[in-house]
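K.L.:
coordinates for the following, if possible.
(chains A, B, C and D)
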There are 2 protein chains.
Amino acid sequence: MTIEKEYTTKLAVDDVTIDRRDIEMLDAIDRYGSMHRAAEELGRSYARLQNRVVEIEEAVGPITERQRGGSGGGGTELTATARELRRQFDRHEAALDGVARVTESVFAGTVRDRTGELGTVETGIGPILALVPDDASEVQVTVRSDAVVLTEPEEALEADSTSLRNQFRGTVDRLEPGESITRVTVDLEGDEGDPTLQALVTKASSERLELAPGREIAASFKATAARGIRIDSDSRA
Amino acid sequence: MTIEKEYTTKLAVDDVTIDRRDIEMLDAIDRYGSMHRAAEELGRSYARLQNRVVEIEEAVGPITERQRGGSGGGGTELTATARELRRQFDRHEAALDGVARVTESVFAGTVRDRTGELGTVETGIGPILALVPDDASEVQVTVRSDAVVLTEPEEALEADSTSLRNQFRGTVDRLEPGESITRVTVDLEGDEGDPTLQALVTKASSERLELAPGREIAASFKATAARGIRIDSDSRA
DNA sequence: CGTCGTGGTATCCATGACGATACAACGACG
DNA sequence: CGTCGTTGTATCGTCATGGATACCACGACG
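P.N.:
Numbers count the residues shown, from 1 in each chain, chains lettered A, B, ... in the order given. Alright, predicted model coming up:
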């Protein structure tokens, strides 16, 4: 059973919510210069497509300049608003794609202190400062591997001048080099469960830090990049 | 026109894709111990709900132990698989919620060098090492504010022993303190556009670094936390 | 002044998702 | 050995989405 993380991107603008299909519609209109051709090229009915454009415009304002009559019969162009929408959508989707692709490390623990949205979670690898939901006591803390910073252990000590609030020491367990990015698995000193933290690092950084299995290293991440998720109390196993 | 980032969480397991509704179904079954009560409590029809359970189990394997007959008429319990599914879903949703909530800073630029998935992007604030799509030349680079690390400027110089590949200097422009987290806006030295970088920092870090408007500071982030998004060449404005 | 490919609109129909309903099968317990 | 609240299953109706089709309006250009 392999579980894959998926998602669908949406933008809520006032009253409508714009999804991938809408953006593809805008793209096609932009590319072909007419809603008829866009509909044909996308394999969807002109009537619905045109309706959708109007529907969006009623909520967002003009996203097209439509003209009928004329030499070529007319045509429609996108407005700056439409292009901005598309860019925003692309950014959002890229961000979501990021979380779906990136691996994360999980540590179960219990919330000790809490001030506002922040809390200290006692885990098998020690206390972690993380964002925690305010009704939770038992949580699992997740850390995205692209948010983990690796540092020389000696330098790490004086790093109190940083906003990196979570620092751990460990030894490199495994390197999985990609073309330009290496996935590093760090064994942390911990008693329970799987005291392992994954980090994504550029190949250049990997070489500069002379990463290799057995190498001692400091791994740190920001409190704002670690989130706790409530575990239902009635969940056994 | 206020644009809000939205998303719908999904897990793809083999042949089925599990969405929020399914997880709520599992929750209700777990809470009430029977599919009939779960259906009633959720306001949906028993027939469909039961069908859905079977449908999921055909793809994922047993997620329930169903028993009919008996004193209470029977009942159904969740299996460990179902609980694991729920936890995974919760984690994924928390991660997606993170990207939807966090602000990001955007810098437009052009890709210079590219090795694999990594590239150097020339922007208004200088070169940024980021993940770039392989067909792009003009990109917008986005940096999540929870991935930006603030450091004492003096210490930053010797930070070559880190996997933080992008380092910039600037001055604190604005602080927006929350209950336990402060949003920091840093003005970078840059010519074009909006040379501003946002960072989320714990209040403790903010005080330790003595952040205040005008304060000089170093802001850094990992290359793997910066992603470039292609800008269509035919996009003007 | 007609042509032609647009935009604009209304109507009908196919499909899928889902609730509503009805009914059979089950089995511990009184 | 019947009761009762389950799990199963089949059928029908409803609703929303969206394609298919048809028809009108438009206006520069030949």
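
K.L.:
ok, residue A:25 touching residue A:49?
P.N.:
Yes: at 6.2 Å, residue A:25 and residue A:49 qualify as touching, with contact defined as C-beta atoms under 8 Å. Just so you know, the C-beta spots here come from the backbone N, C-alpha and C atoms, and that holds for glycine as well.

K.L.:
mind listing the shared neighbours of those two?
P.N.:
Counting by C-beta atoms under 8 Å, 6 or more residues apart in numbering or on different chains, the contacts common to residue A:25 and residue A:49 are A:38, A:42.

K.L.:
can you show me the CA trace of stretch A:101-113 as CSV?
P.N.:
Provided in CSV are the C-alpha atoms of stretch A:101-113 (Å, rounded to 0.1, in the frame of the first residue of the first chain):
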residue,chain,number,x,y,z
ARG,A,101,6.9,16.1,-3.2
VAL,A,102,9.0,16.8,-0.2
THR,A,103,9.5,14.1,2.5
GLU,A,104,9.0,15.0,6.1
SER,A,105,10.3,13.6,9.3
VAL,A,106,7.7,12.8,12.0
PHE,A,107,8.2,12.8,15.8
ALA,A,108,5.5,11.9,18.3
GLY,A,109,5.4,13.7,21.6
THR,A,110,3.5,15.6,24.2
VAL,A,111,3.1,19.3,24.4
ARG,A,112,4.8,20.8,27.5
ASP,A,113,4.6,24.6,27.5
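
K.L.:
check contacts around the nearest residue to residue A:122 once chain neighbours are set aside.
P.N.:
What sits nearest to residue A:122 in space, not counting adjacent residues and going by C-beta to C-beta, 6 or more residues apart in numbering or on different chains, is residue A:109, at 5.0 Å. Going by C-beta under 8 Å, 6+ apart, residue A:109 touches A:121, A:122, A:123, A:124, A:128, A:138, A:139, A:140, A:141.

K.L.:
and the residue nearest to the first one when sequence neighbours are not counted, what helix or strand is that in?
P.N.:
By the measure of C-beta to C-beta, 6+ apart, the closest residue to residue A:121 outside its immediate chain neighbours is residue A:109, 4.3 Å from it. Per DSSP states H and E, residue A:109 falls inside strand A:104-115.

K.L.:
buried stuff in that strand?
P.N.:
Neighbour counts over strand A:104-115 (16 or more other C-beta atoms under 10 Å in any protein chain shown) mark A:104, A:105, A:106, A:107, A:108, A:109, A:111, A:114 as buried.

K.L.:
partners of it, with directions?
P.N.:
strand A:118-123 (antiparallel), strand A:138-144 (antiparallel) (DSSP bridges).

K.L.:
and of the ones you listed, who's closest to DNA strand D?
P.N.:
strand A:138-144 (27.4 Å; C-beta to the nearest atom of the strand).

K.L.:
ok, residues contacting that closest one?
P.N.:
Contact partners of strand A:138-144, identified using C-beta under 8 Å, 6+ apart, comprise A:99, A:102, A:104-111, A:121, A:123, A:128, A:130, A:132-133, A:197, A:221, A:225-231, A:233, B:87, B:91, B:94-95.

K.L.:
can the longest helix seen in chain A be found next to DNA strand C?
P.N.:
Using DSSP state H, we find that the single longest helix of chain A is helix A:80-101. No: figure legend: helix A:80-101 not in contact with DNA strand C (C-beta under 7 Å from any atom of the strand); closest approach 13.5 Å.

K.L.:
how far off centre is that helix?
P.N.:
Centroid displacement of helix A:80-101 relative to its chain, using C-alpha atoms, centre = their mean, to the nearest Å, is 11 Å.

K.L.:
cool, stretch A:5-23 as well?
P.N.:
16 Å.

K.L.:
quick one, domains of chain A?
P.N.:
Following automatic domain parsing, one gets these domains for chain A: A:10-101, A:104-230.

K.L.:
does residue A:74 touch residue A:68 like I think?
P.N.:
Yes: counting by C-beta under 8 Å, residue A:68 is a contact partner of residue A:74 at 4.1 Å.

K.L.:
what pLDDT does the nearest residue in space to residue A:112 that is not next to it in sequence get?
P.N.:
Leaving aside its chain neighbours, residue A:112 sits nearest to residue A:120 (4.5 Å; criterion: C-beta to C-beta, 6+ apart). The model reports residue A:120 with a pLDDT of 97.

K.L.:
so what's residue A:120 bridging to?
P.N.:
Counting by DSSP bridges, residue A:120 forms beta bridges with residue A:129.

K.L.:
tell me the contacts of it?
P.N.:
Counting by C-beta under 8 Å, 6+ apart, residue A:120 touches A:111, A:112, A:113, A:114, A:127, A:128, A:129, A:130.

K.L.:
ditto for residue A:222
P.N.:
By C-beta under 8 Å, 6+ apart, the residues touching residue A:222 are A:147, A:163, A:164, A:165, A:166, B:146, B:147, B:149, B:200, B:201.

K.L.:
ok, now residue A:54?
P.N.:
Going by C-beta under 8 Å, 6+ apart, the list of residues near residue A:54 is empty.

K.L.:
any idea how far residue A:39 is from it?
P.N.:
From residue A:54 across to residue A:39, the span is 14 Å (C-beta to C-beta, to the nearest Å).

K.L.:
how about residue A:66: what's its closest non-neighbour residue?
P.N.:
Nearest non-adjacent residue to residue A:66 (C-beta to C-beta, 6+ apart): residue A:76, at 4.3 Å.

K.L.:
for that neighbour, which three-state class applies?
P.N.:
Of the three states, residue A:76 takes strand under DSSP: H, G, I helix; E, B strand; the rest coil.

K.L.:
from residue A:83, how far off is it?
P.N.:
14 Å.

K.L.:
ditto for residue A:216
P.N.:
Distance from residue A:216 to residue A:83, by C-beta to C-beta: 50 Å.

K.L.:
the more surrounded of the two?
P.N.:
A direct count of neighbours by other C-beta atoms under 10 Å in any protein chain shown for residue A:216 and residue A:83 places residue A:83 higher, at 19 against 12.

K.L.:
quick one, what contacts residue A:192?
P.N.:
So residue A:192 contacts residue A:124 (C-beta under 8 Å, 6+ apart).

K.L.:
of the buried residues of strand A:104-115, closest to DNA strand D?
P.N.:
residue A:108 (29.9 Å).

K.L.:
which residue lies nearest the spatial centre of chain A?
P.N.:
residue A:99 (3.3 Å; C-alpha atoms, centre = their mean).

K.L.:
out of residue A:74 and residue A:68, which sits in the more crowded spot?
P.N.:
Of the pair residue A:74 and residue A:68, residue A:74 is the one with more neighbours under other C-beta under 10 Å, namely 14 against 8.

K.L.:
quick check: buried residues in the longest helix of chain A?
P.N.:
For helix A:80-101, using 16+ other C-beta under 10 Å, the buried residues are A:81-83, A:85-96, A:98-100.

K.L.:
so which bits of chain A are right by DNA strand D?
P.N.:
A:21, A:44-49, A:68-71, A:73-74.

K.L.:
do that again at 10 Å, thanks
P.N.:
Within reach of DNA strand D by C-beta under 10 Å from any atom of the strand, chain A has these residues: A:19, A:21-22, A:36, A:39-40, A:42-52, A:55, A:67-74.
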